[in-house]
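S.K.: generate a structure from the sequence data that follows.
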Amino acid sequence: MVKNNSSRFQVPGSRLKKIVFRLLLFWMSNLVIGTWNLCSQPYYSAKKGLNCAACHVNPAGAGMRRPSPSAPTLINDSLNLGADFRVLLTKTEGSSNSSFNIARGAFYVLAEPASQISLLYSNNQGAVSESYAMIKTPDYPMYARAGRFFVPYGLQVNDPDNSSYSRIAPFGPSVGFSMAPTQTDTGVEFGLNPKSNYFLNMALTNGAASGGADNSDPKAITARWGIITKPAAIGATFFRNKTSPATSGETEQRYGIFGWTKIGPLVILGEGGWGSDTANATGQKTNLQALFAEIDYELFENFLMRGRLDHLDPNTKNVNDERSRYILGSEWFLWKFMSLETQYRMIQETPSSANNEGLLLTHVWF
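M.R.: Below is the predicted model of the structure:
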C-alpha cells in the first residue's frame, strides 16, 4: 500500500494568497517598467535590424541567449546559466484526446574565463545537444569554435515543436537543421559575426552515417552568409553531406535563400530551400524543395499576431506527395522571460486526412 503524503505539500490559504499577490505585483511592476524581452526569436532580429548573434551565444542564432546585467541566471562575470522550457498542449482534429508534451527542456552553462573565450554546454531533456569552445578576436568580429553544435544553416525558425517542413525530414537531411537535441554534429566552425551589417558562418563536421559511424567518408559542409540593413536582410545557405558506406549511401545536398523585412508594424520572414538526394551506387537522384514564410504583426505592445506557411515537396517528379500547413496564431509576452503562444494548423496533404491541429505553448526562457 502506498502511503498518501500529499498533505505535506499543501500550502495554507493565507500563505498562498501572499504568494499569488507577490507574483501579481512582480508581473505588474515589469509591465510598468517595460522590461519586456522579445529577444527570443527571429522576429526581434528583423524588427531591430540585428544579427542573431547580438542576442545568442551561437553565432548563427538560437540556443542560449547572452546574459544581460539584470539576468537572474548571471552568477558572475565569468559564469552564466540559462534555460529554455516549453510545454505544449496539442489537440488533433479527428481525435478525442489532447496531450501535453515537453517540446523543449534545455539547460545551458556558459563559462567565459576571458573576454575572448566561451565554453558552452547544453542539455535538452537528458541528451547533450551542445558542447563546444569558441574563441573570438578582440578587435574584429571573427570567431572559431570546435566541438558539438547545431550546424549553421539558413533561418533559425522559431517553431514550437521543431516540426517546420524546412527543418525536418525529408528536407532536413541526416544531420538535420532543427533544434532537436539529436540534430547537432561534431566538428569545427569559423566565420565573421558582428552584431549587425553582415554575417558569414562556415562549418566542417562529421556528417551522418546511414550505414555505420564511418567518419572516414567526406565530411559535411554547411555555410550561411548574408547582409543586414535596418529595413531588410538577405542571405544564402548551403549544405552537403555524403553518408556512409560510400557504395550504398547517398549524397545529400541542400541550398536556399532566406531573409526578412520590416514594413511599418509588419515583420515578414521567409526561406526557400531546394536540394537533392543522390544514391551513391546507382546515381538515382531525388529532387525536393521546402518553403517557409511568416508574417508577424504587433497588435498591441507585447502581443503578436502571426501567420505562417510551411510547404514541402519531397519529390518534385511526383504530383501527389506535396503537403502544406497554413498556420494562424498569436504570442503574448506575459513577462520578461515568459510567453504564451497559440497556433491553429490547417494541414493539407495527399491523401487528405482530418489532421488539423490546435496548439497552446507556454514558453519560459532565461
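
S.K.: use CA for all of it now, contacts and neighbours both
M.R.: Noted.

S.K.: show me what Ala293 is bridged to.
M.R.: Gly270, Leu309 (DSSP bridges).

S.K.: ok, it touching Glu271?
M.R.: Yes: the pair Ala293 / Glu271 is scored as a contact, 6.5 Å apart, by Cα atoms under 8 Å.

S.K.: more neighbours, these two?
M.R.: Using other Cα atoms under 10 Å as the criterion, Ala293 and Glu271 rank with Glu271 on top: 23 against 19.

S.K.: tell me the pLDDT at that one?
M.R.: What the model reports for Glu271 is a pLDDT of 97.

S.K.: so who does it touch?
M.R.: 154-155, 256-259, 291-293 (Cα atoms under 8 Å, 6 or more residues apart in numbering).

S.K.: so the closest residue in space to it that isn't next to it in sequence: helix, strand or coil?
M.R.: Excluding its sequence neighbours, the residue lying closest to Glu271 (Cα to Cα, 6 or more residues apart in numbering) is Phe258, at 4.1 Å. Using DSSP: H, G, I helix; E, B strand; the rest coil, the secondary structure recorded for Phe258 is strand.

S.K.: how deep is Phe258 tucked in, by neighbour count?
M.R.: Residues near Phe258, counting by other Cα under 10 Å: 22.

S.K.: ok, the one 3 residues further on next?
M.R.: Using other Cα under 10 Å, Thr261 has 23 neighbouring residues.

S.K.: got the contact list for it?
M.R.: 46-47, 231-233, 267-269.

S.K.: out of those, which comes closest to Lys219?
M.R.: Lowest distance from Lys219 to those (Cα to Cα) belongs to Ala233, with 29.6 Å.

S.K.: can you name the residues bridging to the closest one?
M.R.: Ile228, Trp260.

S.K.: what of Leu204?
M.R.: Val188, Ile221.

S.K.: show the contacting residues for it.
M.R.: For Leu204, counting by Cα under 8 Å, 6+ apart, the contacting residues are 187-189, 219-222.

S.K.: any chance of the residues you listed in JSON lines, plus pLDDT?
M.R.: Shown next, in JSON lines, are those (pLDDT from 0 to 100):
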{"residue": "Gly187", "pLDDT": "95"}
{"residue": "Val188", "pLDDT": "97"}
{"residue": "Glu189", "pLDDT": "98"}
{"residue": "Lys219", "pLDDT": "84"}
{"residue": "Ala220", "pLDDT": "93"}
{"residue": "Ile221", "pLDDT": "95"}
{"residue": "Thr222", "pLDDT": "97"}
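
S.K.: the residue nearest to Glu271 contacts Ile268, doesn't it?
M.R.: No: if you go by Cα under 8 Å, Phe258 and Ile268 don't touch, sitting 10.9 Å apart.

S.K.: any chance you could map the helices in the chain?
M.R.: Under the criterion DSSP state H, the chain contains helices at 13-33, 42-48.

S.K.: worst mean pLDDT among these?
M.R.: helix 13-33 (a mean of 46).

S.K.: quick one: which of the contacts of Leu204 is nearest Thr90?
M.R.: Thr222 (33.4 Å).

S.K.: give me the neighbour count for that closest one.
M.R.: The number of residues near Thr222, taken as other Cα under 10 Å, comes to 24.
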